[in-house]
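Undergrad: got a predicted model here, sequence first, then my questions.
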Amino acid sequence: MKFFNKNTAGILFFIIFICIKGYAEPVLLGDKSDGSRAVSVHLLDMRDETGAKITPTDTPLLPFSLKQTCNECHNCSKISTGFHFNYSDSISHDGRKGEPWILVDALTGTQIPFSHRNWSGLFTPEYLGLDNWSFIEKFGRHLPGGEIGENGDQISRDHYFRWLVSGNLEINCMGCHDVSPLHDQAAYAENIKKQNYRWAAASACDFAYVIGSAKDMPDNYDIYFGGVGDDARKIPPQVAYNNSAFNPDNKVFFNITRDIPSERCYFCHSTKYENNKEKWETQQDIHLKSGMKCVDCHKNGLDHQIVRGYENESKELGRQKLASMTCKGCHIAESNGEVPTSGRMGAPLAEHKGLPIIHFEKLSCTACHSGPWPESETVALKTSRSHALGVHGAPKEANSAPYITGPVFANGDDDKITPQKMIYPSFWAWVDNDSLEIIDSETIRPIILYAILSDTLSDSTNIVRVREGVWPLLKDEQITAVFDSLNTIDSLKTAGFVANGRLYTMGANGTLVAKKHNAAQPYSWPIAHDVRPASQALGVRGCSDCHSLNAPFQFGQVPVLSILNQNDVQHVTMSSFQNNGILFPRLFALSFIFRPWLKLFLIICTIFIGIIILWICVRAVDKLLKTIFQKEW
């Protein structure tokens, strides 16, 4: 006992600490590069979610788990902390505002932007009553898995047994890294609809095929022992593999790469502006047309903390090297005595000859170079995540819900004006002074449907609109009728409707009363792409591109739509989002009308002053010479 003193205890503790630390952070085969730029061949043992090796003769045949399969060479725990996976992590770095998730119901006119991330102006999943299961069910189609998709312990009691049937939605490495031309991310989304979470990754790859639906299975279904119920028409989820994919050692070739092609990004990051009716009318980003890929700028290490490339990111993360991966860091030459970092990937250095310096203080680079050329009115747009672009059966109507518009030139997080996408929240709620309690769509749907069907004039039109995923158009009296129906459900509460940036309630005389409310204010997030070349940047035709009385940059109109009667669509002027008021931009733009006259006037004045000065100089010289020659020597 005397031998076990404080010194030996300290040494023993240090050894245990080092062993635990070394065990917790193993350096796996694929975690650290040896410097070779050659493509690694991924001929792997496929493993199921328990870690057992899969062979083509297994019974039952289980879907592979990428977490278990890839974890032999890559630290998946570290990978899963990346920006695409850590959206619900309260301690993660959220950075500047990004695209929200949008809860949509066309019939009830509901569109609610929300996020797990701490971005101002958004609702939270908890406020909307969305637990992890409900979130995955609605939005898992555009998730890379991991995070809450694997967090079955936090599932509510109502959905716990369904989670056991569907399995975890594990991290899906193939969603980005698979370069097989047969990779089908739409099949992944389709299997999310069927609640085939543990089968989703396999359904998208080129050597597996998934049939059946976990959604059709009873709560007591088990992937090992069955229990499909009495309905023979309902097929349990199951996977089949192409036997030729297995080599004699039962290893399978995964056609994956570190250098991800841009096409793999598009399933989740596409934007369609509805003024471009056809695909051939769209203009691709100048960087992609020049041969670059998304990952040339949006890089990451093993931790998968994707570089987002906005100007203050390097300061926020304390990683100064990120500064060279911004517009400014790549295209603006700065001489600070260090190794040059501008001109990456052969980027041309921007000169901006004659452009006043105040433009760089007030505007982001994207204000002039990104998104579609602004028009007198912003246009409706669709994104992959908000409109399920790329998913089979996604609505193709130009005005299908949710309604997002852009480009809106508004002040961003850094107070610089930047082009943005914008959405106005729209939903029904119980009103208690300034606090709102959102009413579930299931409660509102039959009431709205009755209000539509009771109006014979709008019946057929609205039914067609709803069938196409477009909001119905309700008159004021139909809205008040919905309020009356809601008040019969709970007479102690006041029903309200948020839309058009206002909160609508029913006044004492039975008419709609509107007032401003924080929950009704729009949410916007920056447009980074598509980037236009310098020859198509704002200002290339002169100051009038932005500083004329009809310039869309300041005086473009932002339409605000809702299910309220849209015969008189409300509009908001662009300058309202730029912290400049309305009067100053107009007075400043007015000055540009007289600037040519002012320049001419200044030229004439300059010539006149020059003549006067010349005349004075001649007189002075004349007098000086006379003085010199009249002097007696």
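TA: Sure thing, it's come through.
Undergrad: doesn't Val408 fall inside a strand?
TA: Yes - remark: Val408 belongs to a strand, assigned using DSSP: H, G, I helix; E, B strand; the rest coil.
Undergrad: where in the stretch 1-150 of the chain is pLDDT low?
TA: 1-26 (pLDDT under 70).
Undergrad: ok, now with 90
TA: When residues are selected by pLDDT under 90, those of the stretch 1-150 of the chain lie in 1-40, 59-60, 72, 76-77, 80-81, 86-95, 106-109, 129-134, 146-150.
Undergrad: any figure for the gap between Tyr160 and Pro125?
TA: Per Cβ to Cβ, to the nearest Å, Tyr160 is found 18 Å from Pro125. For every residue, glycine as well, the C-beta is placed using N, CA and C.
Undergrad: between those two, which is the more surrounded one?
TA: Pro125 (19 against 13; other Cβ atoms under 10 Å).
Undergrad: mind checking the SS state of the more buried one?
TA: Pro125 - assigned by three-state DSSP - is coil.
Undergrad: so it makes contact with Phe135?
TA: Yes - Pro125 lies in contact with Phe135 (Cβ atoms under 8 Å); the separation is 5.8 Å.
Undergrad: looks like Ala429 contacts Ser441 (just checking).
TA: No - using Cβ under 8 Å, Ala429 is not in contact with Ser441; the gap is 11.8 Å.
Undergrad: what about the two, which has more around it?
TA: Legend: neighbour count by other Cβ under 10 Å for Ala429 and Ser441, higher for Ala429 (21 against 18).
Undergrad: isn't there a strand covering the more buried one?
TA: Yes - using three-state DSSP, the secondary structure at Ala429 is a strand.
Undergrad: next one: the strand or helix carrying Gly175 to chain centre, how far?
TA: Assigned by DSSP states H and E, Gly175 belongs to helix 174-177. Relative to the centre of its chain, helix 174-177 is centred 19 Å away, using Cα atoms, centre = their mean, to the nearest Å.
Undergrad: what helices and strands are in contact with it?
TA: helix 200-204, helix 263-266 (3 or more Cβ pairs under 8 Å, 6 or more residues apart in numbering; DSSP states H and E).
Undergrad: if we use 10 Å, what do you get?
TA: Other elements packing on helix 174-177 under the criterion 3 or more Cβ pairs under 10 Å, 6 or more residues apart in numbering; DSSP states H and E are helix 66-70, helix 185-193, helix 200-204, helix 263-266.
Undergrad: show me which helix runs longest in this structure.
TA: Longest helix in the chain, counting residues (DSSP state H): helix 583-630.
Undergrad: what's that helix packed up against?
TA: Against helix 583-630 (3+ Cβ pairs under 10 Å, 6+ apart) you get helix 552-555.
Undergrad: next SSE downstream of the helix it packs on?
TA: Downstream of helix 552-555 (by DSSP H and E), the next one is strand 557-560.
Undergrad: what's that next one in contact with?
TA: The contact list for strand 557-560 (Cβ atoms under 10 Å, 6 or more residues apart in numbering) reads 375-380, 403, 405-410, 422, 424, 426, 499-502, 522, 524, 566, 569-574, 576-577.
Undergrad: any idea which helix or strand comes after it?
TA: strand 570-573.
Undergrad: parallel or antiparallel, list what pairs with that next one.
TA: Taking DSSP bridges as the criterion, strand 570-573 sits next to strand 557-560 (antiparallel) in its sheet.
Undergrad: give me the common contacts of Pro125 and Phe135.
TA: Common neighbours of Pro125 and Phe135 (Cβ under 10 Å, 6+ apart) are 88, 101, 103, 114, 116, 148.
Undergrad: among the residues you listed, name the ones in helices.
TA: Per DSSP H, those never map to helices.
Undergrad: and the residue nearest to Gln185 when sequence neighbours are not counted, what's its pLDDT?
TA: Residue nearest to Gln185 in three dimensions, not counting chain neighbours: Phe267, with 4.5 Å by Cβ to Cβ, 6 or more residues apart in numbering. Here the pLDDT value assigned to Phe267 is 93.
Undergrad: show the buried residues in the contacts of strand 557-560.
TA: 378-380, 403, 405-410, 422, 424, 426, 499-502, 522, 524, 570, 572, 574, 577 (16 or more other Cβ atoms under 10 Å).
Undergrad: in three-state terms, label Lys382 for me.
TA: Lys382 ends up strand, using three-state DSSP.
Undergrad: what residue ranges in the stretch 151-300 of the chain score low on pLDDT?
TA: Within the stretch 151-300 of the chain, the stretches with pLDDT under 90 are 151-164, 218-234, 258-259, 274-284, 290.
Undergrad: ok, Ser40 - contacts?
TA: So Ser40 contacts 29-30, 33, 73, 256-258 (Cβ under 10 Å, 6+ apart).
Undergrad: which of the residues you listed sit farthest apart?
TA: Using Cβ to Cβ, the contacts of Ser40 reach their maximum pairwise distance at Leu29 and Thr257, which is 16.6 Å.
Undergrad: just want to know which of those two has more residues nearby.
TA: Shown here are Leu29 and Thr257; by other Cβ under 10 Å, Thr257 has more neighbours (14 against 9).
Undergrad: just read off the phi/psi values of the more buried one.
TA: The phi/psi pair for Thr257 (degrees, to the nearest 10) reads phi -140, psi 150.
Undergrad: tell me who's in contact with Tyr209.
TA: Contacts of Tyr209 were listed using Cβ under 10 Å, 6+ apart, and they are 187, 202-203, 238-242.
Undergrad: give me phi/psi at it?
TA: With angles defined as degrees, to the nearest 10, Tyr209 sits at phi -140, psi 130.
Undergrad: give me the beta-bridge partners of it?
TA: According to DSSP bridges, beta-bridge pairing links Tyr209 with Ala240.
Undergrad: please name the nearest non-neighbouring residue to Gln478.
TA: Ala451 (4.5 Å).
Undergrad: same check on Met292?
TA: Leaving out its chain neighbours, the residue that sits closest to Met292 by Cβ to Cβ, 6+ apart is Met345, at 6.0 Å.
Undergrad: now swap in Val228 and tell me
TA: Pro236 (5.1 Å).
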